[in-house]
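# Provided below are the primary sequence and the corresponding predicted coordinates.
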Amino acid sequence: MALEATGGSGARRVPTPAAGAGVSDGLVLLTYVIWSANVVVTKVAIGAFGPLLFPAVRWILGAVLLAAVARWREGPFAWPRGRELGLMALAAASGIVGNQVTFTGALRFSSADNVSMLAGTAPLAIAGWLAIHNRQRLAPRVWAGLLVGLIGIVLVVVAGGRGRSTVVGDVIGLGMPVTWTVYLLVLAPLLRRHRPLSLAAMVSLLGGVGLLPFGLAQSVVAPPHPTWGAAGLLAYSAVAAVAVAGWLYYAGLDRLGPTRTAVYGYTQPFFGVVFAALLIGEPIQPLQLLGGLVITVGIVAG
């Protein structure tokens, strides 16, 4: 991998998918396993903390842990200025504030496995953005794959509407892939100038601080009633789903780039269904499995 000068950040490697791809693929896949379990953890924990206070606290705690590890592993922070600060703020507003609002909002009205499946459709949004923004001429096979993926989403929504979910929750959940697409595309240029751990810490802190006012306002209306069990879930979510997963994900993204990294989002629906069944006993609907399979086939084919 070639090196490029980066001013205050020191020399940074230009990400290329070929360099260390096998290890990086494993890091990203492990990240999605952790995040899939966190869907179930969050669904249970927001009952004690509230849907907005819980993510605010977990992101701030996770950011503090990331910052400590980043300082130890990567040295002093290269603080962003000007356009870079704006890009970090946009990444935090979309991938953390916007994504968490739609994520926890969807969990209030929909099942954990359904939310996992909807979150796994982010590659559809990325492909659509590339086609529109870059005006790429996509082959008929690509469009056919996207259409099949959209049919899979419809199957997931229909299955989730049978008692355990509502269409409202699923519609809110569709905001997750959109906000995550913006997040990935904004992070890519930032990783050329900032080390992965440091960038993860700064973006996570900005996102957590951005969520905090919403969480505090919500706690006034509906005060939290945390238990020791809920505190343990918060610890898992902050340490594993924010700090550890953030470390793994940014390292993988640095090597693979946003498009290849997003591919592993296809696995989240299936991991989500498994964890929801194992941890909280949510029954697996055949139509949900069919929808997840159709989404995967459509995206991979396209």
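On my side now, so go ahead. Numbering: from 1, shown residues only.

# neighbours of the closest residue to Y249 other than its chain neighbours, just the number please.
Nearest non-adjacent residue to Y249, counting by C-beta to C-beta, 6 or more residues apart in numbering: T31, 4.4 Å away. Placement of C-beta: from N, CA and C, glycine included. T31: 24 surrounding residues under other C-beta atoms under 10 Å.

# next: L216.
Counted by other C-beta under 10 Å, the residues lying close to L216 total 13.

# doesn't L53 make contact with it?
Yes: here L216 reaches L53: they are 7.2 Å apart, a contact under C-beta atoms under 8 Å.

# okay, and the residue nearest to Y249 sits in which element?
Per DSSP states H and E: T31 is located in helix 21-49.

# okay, buried residues for that helix please.
Going by neighbour count (16 or more other C-beta atoms under 10 Å), the buried part of helix 21-49 is 24-25, 27-28, 30-43, 45-46, 48-49.

# now that helix: how far from the chain's centre is it?
Taking the mean of its C-alpha atoms, helix 21-49 sits 9 Å from the chain's own mean (C-alpha atoms, centre = their mean, to the nearest Å).

# so which elements touch it?
Counting contacts by 3 or more C-beta pairs under 8 Å, 6 or more residues apart in numbering; DSSP states H and E, helix 21-49 packs against helix 53-74, helix 99-109, helix 112-119, helix 228-236, helix 245-263, helix 268-280.

# for W143, find the nearest of those helices.
helix 245-263 (17.3 Å; C-beta to C-beta).

# tilt between that closest one and helix 53-74?
100 degrees (axes from the mean of the first three to the mean of the last three C-alpha atoms, to 10 degrees).

# and helix 245-263, average pLDDT?
Helix 245-263 comes out with an average pLDDT of 84.

# who does it touch, helix- and strand-wise?
Helix 245-263 packs on helix 21-49, helix 53-74, helix 122-133, helix 175-190, helix 196-221, going by 3+ C-beta pairs under 8 Å, 6+ apart.

# in terms of secondary structure, what does the fourth one contact?
Put plainly, it is helix 175-190. Contacts defined by 3+ C-beta pairs under 8 Å, 6+ apart place helix 175-190 against helix 83-91, helix 99-109, helix 112-119, helix 122-133, helix 196-221, helix 245-263.

# surely L253 meets V28?
Yes: the pair L253 and V28 passes the contact test of C-beta under 8 Å, sitting 7.4 Å apart.

# pull up the overlap in contacts between these two.
Common neighbours of L253 and V28, counting by C-beta atoms under 8 Å, 6 or more residues apart in numbering, are T261.

# just name the most buried of the helices and strands packed on helix 175-190.
Per-stretch averages of neighbours, counted by mean count of other C-beta atoms under 10 Å, single out helix 112-119 among the helices and strands packed on helix 175-190, with a mean of 31.
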